[in-house]
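>>> Okay, sequence plus prediction incoming.
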Amino acid sequence: MSSPPPLQSSRSQQRNSPVVSPLLEVRQLCVGFGKRVVLQDITLEVRRGETLAIIGESGCGKTVLLKSLIGLIQGQAGTVHFDGVDLCQTTSVELAQLRTRTGFVFQGAALFDSLTVAENIAFPLRQSNSQITSDTVLGDEDIRSRVIESLREVGLADNVYQRYPMEISGGMRKRVAIARANILKPDLMLYDEPTTGLDPIASDVINELIMQSRLQHTVTSVIVTHDMKTARKVADRVIMFHPIDRLAGDDTQIIFDGPPSVLDRHADLRITQFIHGEAGERVSELSNG
């Protein structure tokens, strides 16, 4: 029986493999609103094809970062690069074109109440039609076909096609939101609290859909969540933010960056209290208030 190749050989192959540039690069990003600073000197990269979960207490800047990644919020300092393009240096037209390569699943789904499920899912296609040349515009039948395909990809039957958002459950609305965000097959998917307000079964359906989207096409995903089951199940990597007003000394706002498997055995009390939902010293803060 032949012996397996030595470990050194594997490491040598990794060193000789081509370096792939990250899809997202954030450098010393600072964002504030008035006198309130939300993000301070945030530096991170997101690799192509990676699924990154961002966790942390409410108000520590997770959603602000998510919106900064596609230029919906501009920082007071620092840079955000999407596929090598500095979002601070782009025109509004260029930024709109870049956003066609992204899908955003908003907290609460953010569907248009006055549009049917089908019209909601088709919305990005029709917006894209208005920005391209006439010889590549999709016809109504092509759009309908792609909408039905997107519905089936998220496990919804054709009979919800003509329903309105208020006529379907919260879990179904989240799935419609994912179908809408995915219909242009984006390079980047952003999820803001995708399982909030859902029961455990519906939440796990959303987790499975996030994982399946990676199988359907190569996609980079960034997920803001408080749901530790989501972070553990779907993420390759987890980043934890801490509120600026609770940082001590020279601490950075990112207090954890690593695989989810490391979270449970981390020595930082701030991390263990968060992932286990323990109030700790916050109880005494309430009594002193």
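Good, I have the coordinates.
>>> so is residue 206 in a helix, a strand, or just coil?
With DSSP: H, G, I helix; E, B strand; the rest coil as the basis, the three-state label of residue 206 is helix.
>>> Mind pulling the model confidence for it?
Confidence at residue 206, expressed as pLDDT, is 94.
>>> ok, now residue 268?
In the prediction, the pLDDT value recorded for residue 268 is 85.
>>> what's the nearest residue to it if we skip its chain neighbours?
Of all residues not flanking residue 268 in the chain, residue 255 sits nearest, at 6.3 Å (Cβ to Cβ, 6 or more residues apart in numbering). Placement of C-beta: from N, CA and C, glycine included.
>>> quick one: the helices in the stretch 1-150 of the chain?
With helices called from DSSP state H, counting those that start in this stretch, the stretch 1-150 of the chain shows them at 7-16, 62-68, 92-99, 117-129, 140-153.
>>> quick revisit: the residue nearest to residue 268 contacts residue 271, doesn't it?
Yes. Shown here, residue 255 and residue 271 form a contact pair, counting by Cβ atoms under 8 Å, at 6.6 Å.
>>> quick one: common contacting residues for the two?
Here residue 255 and residue 271 have residue 240 as joint contacts, going by Cβ atoms under 8 Å, 6 or more residues apart in numbering.
>>> before we move on, back to that, now the residue nearest to residue 268: which helix or strand?
If you go by DSSP states H and E, residue 255 is part of strand 254-258.
>>> Show me what that strand is packed against.
strand 36-46, strand 237-241, helix 269-275 (3 or more Cβ pairs under 8 Å, 6 or more residues apart in numbering; DSSP states H and E).
>>> Pull the number of nearby residues for residue 25.
A total of 17 residues lie near residue 25 under the criterion other Cβ atoms under 10 Å.
>>> Does it touch residue 47 like I think?
No. Counting by Cβ under 8 Å, residue 25 does not reach residue 47; the two are 10.4 Å apart.
>>> how near is residue 58 to residue 30?
20 Å (Cβ to Cβ, to the nearest Å).
>>> Direction included, what does the strand holding residue 255 pair against?
Using DSSP bridges, strand 254-258 pairs in its sheet with strand 237-241 (antiparallel).
>>> Only the buried residues of the strand it pairs with, if you could.
237-241 (16 or more other Cβ atoms under 10 Å).
>>> for the residue lying closest to residue 247 once chain neighbours are set aside, what are its contacts?
Among residues not flanking residue 247 along the chain, residue 253 sits closest, at 6.6 Å (Cβ to Cβ, 6+ apart). Contacts of residue 253 were listed using Cβ under 8 Å, 6+ apart, and they are 39-42, 60-61, 241-242, 244, 247.
>>> hmm, which of those residues are the buried ones?
Buried members of the contacts of residue 253, counted by 16+ other Cβ under 10 Å: 39-40, 42, 60-61, 241-242, 244.
>>> and which of those residues is nearest residue 190?
residue 61 (14.8 Å; Cβ to Cβ).
>>> correct me, but the closest one touches residue 38?
Yes. Because the distance of 4.3 Å satisfies Cβ under 8 Å, residue 61 is recorded as touching residue 38.
>>> any idea how far the residue nearest to residue 247 lies from residue 30?
Separation of residue 253 from residue 30 (Cβ to Cβ): 10 Å.
>>> can you give me the strands for the stretch 51-200 of the chain?
51-56, 77-82, 85-86, 102-105, 188-192 (DSSP state E, counting those that start in this stretch).
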